[in-house]
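*Asks:* Give me coordinates for this.
(one chain, ligands or ions: 2)
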Amino acid sequence: MILLDHVTKIYPGDKKPALDDVSLHIEPNEFVFLVGKSGAGKSTLMKMITKEEDPDTGKIIIGGIDLDYVKRRHIPHYRRRLGVVFQDFKLLPRRTVYENVAFALEIAGMSTREIKHTVPKVLELVGLADQANKFPSQLSGGQQQRVSIARSVARQPKILIADEPTGNLDKLTRTEIITLLQKINDFGTTVLVTTHDETIVNNLNKRVITLKAGRVVADQKTNGIYRLDGDPEILIDDRPKAPGFALEKEKIVSAKPAKKPAIKKPRAPKKKVA
Ligand SMILES: Nc1ncnc2c1ncn2[C@@H]1O[C@H](COP(=O)(O)OP(=O)(O)OP(=O)(O)O)[C@@H](O)[C@H]1O
Ligand SMILES: [Mg+2]
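*Replies:* Ligands and ions are numbered 1, 2, ... in the order given. Got it, this is the predicted structure:
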């Protein structure tokens, strides 16, 4: 569902990579926390998925789409397949709760009739049925984040990514938002969440991937706990053995190549740290 194969990204002007040879495979319907210190590369990884940034090397396949072949002008169309939630909500201030959700569906080309049918259902799902006519400024932070989530999931994306969705919220509200994301995951959406919230991560027993200085230093497939460093016991040893190894698992749907992708030489598997 989400596949990164030896992805490296160095921002112009930076010496160190923001992502350094990152390989990941997230299966359909997984719920994954992405953790790491500030600057570890979490947001950069999210931007790889949304194609806000392109990798310097490596391959990214999202929901069967090889991002190498998504042309600039098709990026907005590609993004509509994803649900994206941000720390700062990014709501339209002059539109009501209802209109914020309806607008997202309108852009996606949904008919007025379908929109009228869908919006109340989605607001019900996120617990905001009674707030439909309020403007964002009349809502609490947690409620605003619910609107943002409603907007993201209204089109029923297969993948929802959330970059610190609870960063601006108090403790209780943080838990409520994560519970909502879990509910969305239960309906069959793959969810990837970055967070600095140790308590939430430790209470949920989900898969936890740790980034450190742009590298994946731990990938706890189940019952993950919040950790900022690698641990020899849980250091990943299931990276793709060579480029293309993991790609075979994912059905690749793409248009004709815009340019020939660089083919990298196979490299020896990373050794486990003793
Ligand atoms: N647009 C940019 N231009 C240059 N360097 C950048 C840019 N965006 C991020 N970086 C650098 O890339 C590295 C990773 O940044 P990133 O924002 O991905 O970290 P993060 O893990 O999301 O951190 P935080 O927890 O603070 O959000 C950092 O060293 C950062 O300075
Ligand atoms: Mg970030």
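
*Asks:* Surely K134 is in contact with V97?
*Replies:* Yes: K134 lies in contact with V97 (C-beta atoms under 8 Å); the separation is 5.6 Å. Every residue, glycine included, has its C-beta placed from N, CA and C.

*Asks:* Tell me which of the two has more neighbours.
*Replies:* Neighbour count, other C-beta atoms under 10 Å: between K134 and V97, V97 has more, with 28 against 15.

*Asks:* quick one: pLDDT of the more buried one?
*Replies:* Here, the pLDDT recorded for V97 equals 98.

*Asks:* Could you do K264 as well?
*Replies:* For K264, the predicted pLDDT is 53.

*Asks:* same question, D229
*Replies:* For D229, the model assigns a pLDDT of 85.

*Asks:* Run a quick neighbour tally on it.
*Replies:* D229: 10 surrounding residues under other C-beta under 10 Å.

*Asks:* Quick check: it vs S140, distance?
*Replies:* 35 Å (C-beta to C-beta, to the nearest Å).

*Asks:* ok, now L128?
*Replies:* 11 Å.

*Asks:* between those two, which one's more packed in?
*Replies:* With neighbours defined as other C-beta under 10 Å, L128 and S140 compare such that L128 has more, 21 against 12.

*Asks:* The more buried one and Q145 touch, don't they?
*Replies:* No: contact criterion C-beta under 8 Å: L128 and Q145 do not qualify, at 10.5 Å.

*Asks:* mind listing the strands in the protein by residue range?
*Replies:* Using DSSP state E, the strands of the chain run over residues 2-9, 19-26, 31-35, 57-62, 65-66, 82-86, 159-163, 190-194, 207-212, 215-220.

*Asks:* Tell me what angle the third one forms with strand 215-220.
*Replies:* Spelled out, that is strand 31-35. Per axes from the mean of the first three to the mean of the last three C-alpha atoms, to 10 degrees, the angle that strand 31-35 makes with strand 215-220 is 140 degrees.

*Asks:* before we move on, back to that, let me know which of the strands of the chain is tucked in deepest.
*Replies:* Stretch with highest mean neighbour count among these: strand 190-194 (a mean of 25; mean count of other C-beta atoms under 10 Å).

*Asks:* partners of that one, with directions?
*Replies:* Strand pairing for strand 190-194, using DSSP bridges, gives strand 31-35 (parallel), strand 159-163 (parallel).

*Asks:* And the contacts of that strand?
*Replies:* Around strand 190-194, the neighbours that count as contacts under C-beta atoms under 8 Å, 6 or more residues apart in numbering are 1-2, 26-35, 42-43, 46, 49, 158-165, 178, 181-182, 184-185.

*Asks:* same thing but 6 Å
*Replies:* Outside strand 190-194, the residues that touch it by C-beta atoms under 6 Å, 6 or more residues apart in numbering are 1, 28-34, 42, 159-164, 181, 185.

*Asks:* So is it next to ligand 1?
*Replies:* No: applying C-beta under 6 Å from any ligand atom, one finds strand 190-194 separated from ligand 1 by no less than 6.7 Å.
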